[in-house]
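S.K.: Predicted model and sequence follow; I will ask about them next.
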Amino acid sequence: MTVEYQFPEGFWWGSAASATQMEGSRNGVSGETIWDQWFENEPNRFFDGVGPHQTSDFYNRYKEDISNMKKIGHNTFRLSLSWARLIPGGQGEVNEEAVTFYNNVIDELLANDIEPFVNLFHFDIPIEMQNRGGWESREVIAAYVDYAKIAFDLFGDRVKTWFTFNEPIVPVEGGYLYDFHYPNVVDARRAIQVAYNTMIAHAKVVDLYHQEQNGKIGIILNLTPSYPRSQNPADLKASHICDLFFNRSFLDPAVKGEYPEDLISLLEEHGHLPETQLDDKDLLENNIVDLLGVNYYQPRRVKAKDHLPNPYSPFMPDWFFDNYEMPGRKMNPYRGWEIYEKGIYDIMINLRDNYGNIESFISENGMGVQDEDRFLKDGRIEDDYRIDFISGHLKWLHKAAQEGCNVKGYHLWTFMDNWSWMNAYKNRYGFYSVDLETGERTAKKSASWFADVSKQNGFNA
Ligand code: BG6
């Protein structure tokens, strides 16, 4: 049988998840993260008042979950390590129980022919590190590099694909601009410093990895193609600045080893350049990534501002553009995000043409759905909308691969429904649903569909 959308041989089929979202912060021995702290301070800000200890319990059920991954044809799976679990307090003694847990998970994945992709940081800084200044502090960067070294030494013999950060812009936006992550600061100057320091931490860890290990190391970025409302110069400028802030402030240093000139001039003009150190420039230049994970959910639609910002209001990226609701855009009615499948192709073409065709893969893409139980039929969630969502994106990814983009795989967010920060269990994304009372996992319809896709290395429309 011929397969209409056939992917290159060896394509990575899998899914992604993160430590804090699936392990359960009170399972086993672990230090606390900013999430434990924030939940303790302000439980009401979490959907239904559910905090980071009530997760899908991967900590105790990882064997069953990995066997389910195998059933649906995963050949790769991305997890993150919890820094606070591995080294409670962020620095100092390693928690042997955590070492055993992560060793077990890695070995179990390998025994099931699933290659582990390991990410060092997914939004969950240990509270002690945050209290010492978080990513604003060079001391914390040094502690993060020590943590990376410990992780490489412990697991690098079996893990050959590593990532320094997942979506580093999210803690910047959430923690320092728009108040949806701890420490709930709203201050662009500090946000810019955090963004910059994160890339310094990233480059130091890439450097360390290349000196001591022999696999690949990359970063995972949520790229949101920025589309202008019109071709009029003011809209084009607005969209360009949005792209500089939300994509290129991480993409360029990670892949090209330098910041875009336009971004530097803009920050300089407004007196908002971050504090730097002498050897930072060389560090960034000499430590570009081996591969790039791309998380793609939705694009940004951008227009010029209707009104000039009040010059006395504090500087914010939003001074330069407004978001724009394009008439007729397709929406995910169950989450409120735009669905624009071609965005995945535009990202890949941009990487091919402007970023040296860096090796990449879709490290997250997925469809969140509220109240998903309404689609239960005979005990299974009939999530045809998710199948449409995935296949719609895969068609464009296939086209990108055919046109020479160096794209190596597709991972869904996420393997099973999981706790998601402030949104807790509001939006469900998994191939498997999880009964929050009993912990029971049930494959959704999309899980069997994806099993066929990975088996055939492609699909028919
Ligand atoms: C991704 C994050 O961007 O979005 C995940 O990497 C998160 O950690 C996911 O869970 C879904 O977010 P939400 O808000 O729809 O639950």
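M.R.: Arrived safely, thanks for sending. Numbers count the residues shown, from 1 in each chain.
S.K.: Run a quick neighbour tally on the closest residue to the ligand within the chain.
M.R.: Residue nearest to the ligand within the chain (CB to the nearest ligand atom): residue 420, separated by 3.2 Å. (Glycine included, C-beta is placed from N, CA and C.) By other CB atoms under 10 Å, the residues close to residue 420 number 20.
S.K.: Residue 429 now?
M.R.: 22.
S.K.: Likewise for residue 287?
M.R.: Residue 287 has 22 nearby residues by other CB under 10 Å.
S.K.: Do I have it right that it meets residue 210?
M.R.: Yes - in this structure, residue 287 is within contact of residue 210 by CB atoms under 8 Å, at 7.2 Å.
S.K.: Might you calculate how far the helix or strand that residue 394 is a member of sits from the centre of the chain?
M.R.: For residue 394, the host element (DSSP states H and E) is helix 384-402. Helix 384-402 sits 19 Å away from the centroid of its parent chain (CA atoms, centre = their mean, to the nearest Å).
S.K.: Show me what that helix is in contact with.
M.R.: 5-8, 296, 332, 334, 339, 341-342, 344-345, 348-349, 352, 362, 365-367, 369, 407, 410, 412, 444-446, 449-450, 453, 458-459, 461 (CB atoms under 8 Å, 6 or more residues apart in numbering).
S.K.: Need the per-residue pLDDT for residue 24.
M.R.: In this model, residue 24 is scored at 94, pLDDT.
S.K.: er, residue 310 actually
M.R.: 87.
S.K.: do you know how far it is from residue 234?
M.R.: To residue 234, residue 310 is 19 Å away according to CB to CB, to the nearest Å.
S.K.: Next: residue 153.
M.R.: 53 Å.
S.K.: Are we agreed that residue 282 is in a strand?
M.R.: No - under the criterion used here (DSSP: H, G, I helix; E, B strand; the rest coil), residue 282 is helix, not part of a strand.
S.K.: Quick check: the gap between it and residue 276.
M.R.: Residue 282 is 12 Å from residue 276, by CB to CB.
S.K.: With residue 244 instead?
M.R.: 18 Å.
S.K.: what do you get for residue 341?
M.R.: 39 Å.
S.K.: sorry, back to before: with neighbour numbers in mind, choose between residue 244 and residue 276.
M.R.: residue 244 (21 against 12).
S.K.: Touching, residue 348 and residue 410? I think so.
M.R.: No - using CB under 8 Å, residue 348 makes no contact with residue 410, being 11.6 Å away.
S.K.: Just the buried residues out of the contacts of helix 384-402, in ChimeraX syntax.
M.R.: The ChimeraX selection below is limited to those of the contacts of helix 384-402 classed as buried (16 or more other CB atoms under 10 Å):
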select :5,6,7,296,332,334,339,341,344,345,348,352,362,365,366,367,369,407,410,412,444,445,446,449,450,453,458,459
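S.K.: mind listing the strands for the stretch 51-200 of the chain?
M.R.: In the stretch 51-200 of the chain, strands defined by DSSP state E, counting those that start in this stretch lie at 76-80, 115-119, 161-166, listed in chain order.
S.K.: what about the first one, average pLDDT?
M.R.: If I follow you right, that is strand 76-80. On average, strand 76-80 scores 99.
S.K.: Residues contacting that strand, please?
M.R.: Counting by CB under 8 Å, 6+ apart, 12-20, 22, 66, 69, 105, 109, 114-122, 124, 161, 163, 166, 293, 363, 409, 411, 415 sit against strand 76-80.
S.K.: Off-centre distance for that strand?
M.R.: The mean C-alpha position of strand 76-80 is separated from the chain mean by 11 Å, CA atoms, centre = their mean.
S.K.: cool, and stretch 209-229?
M.R.: On CA atoms, centre = their mean, the centre of stretch 209-229 falls 10 Å from the chain's centre.
S.K.: Between its first and last residues, what's the separation in it?
M.R.: 42 Å (CA to CA, to the nearest Å).
S.K.: Show me what counts as buried in that stretch.
M.R.: So, applying 16+ other CB under 10 Å, buried residues of stretch 209-229: 209, 213, 216-229.
S.K.: next one: stretch 299-317
M.R.: In stretch 299-317, counting by 16+ other CB under 10 Å, buried: 299, 300, 301, 302, 303, 304, 315, 317.
S.K.: so which two of those residues are the farthest from each other?
M.R.: 299 and 315 (25.1 Å; CB to CB).
S.K.: Point out where this protein drops to low pLDDT.
M.R.: Regions of the chain meeting the criterion pLDDT under 70 are absent.
S.K.: residues from it in reach of the ligand?
M.R.: For the chain, the residues in contact with the ligand (CB under 6 Å from any ligand atom) are 18, 21, 166, 167, 222, 295, 364, 368, 413, 420, 423, 427.
S.K.: Buried ones among the residues you listed?
M.R.: Of the residues of the chain next to the ligand, these count as buried by 16+ other CB under 10 Å: 18, 21, 166, 167, 222, 295, 364, 368, 413, 420, 423, 427.
S.K.: so who does the closest residue to residue 405 other than its chain neighbours touch?
M.R.: Using CB to CB, 6 or more residues apart in numbering and skipping the chain neighbours, the partner closest in space to residue 405 is residue 348 (4.1 Å). Applying CB under 8 Å, 6+ apart to residue 348 gives the contacts 294, 360, 397, 400, 405, 407.
S.K.: Quick check: residue 348 vs residue 248, distance?
M.R.: Here residue 348 is placed at a distance of 16 Å from residue 248 (CB to CB).
S.K.: Isn't residue 429 up against residue 367?
M.R.: Yes - here residue 429 reaches residue 367: they are 6.8 Å apart, a contact under CB under 8 Å.
S.K.: mind checking which helix or strand residue 268 is in?
M.R.: With DSSP H and E as the test, residue 268 turns up in helix 261-269.
S.K.: typo on my end, it should be residue 293
M.R.: Counting by DSSP H and E, residue 293 is found in strand 291-295.
S.K.: One more: residue 409?
M.R.: Per DSSP H and E: strand 407-413 holds residue 409.
S.K.: That strand packs against which elements?
M.R.: strand 12-16, strand 76-80, strand 360-364, helix 384-402 (3 or more CB pairs under 8 Å, 6 or more residues apart in numbering; DSSP states H and E).
S.K.: Including distance to residue 139, could these go into TSV?
M.R.: Putting the helices and strands packed on strand 407-413 into TSV (distance: least, CB to CB, whole Å) gives the following:
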stretch	distance to residue 139
strand 12-16	30
strand 76-80	23
strand 360-364	30
helix 384-402	41
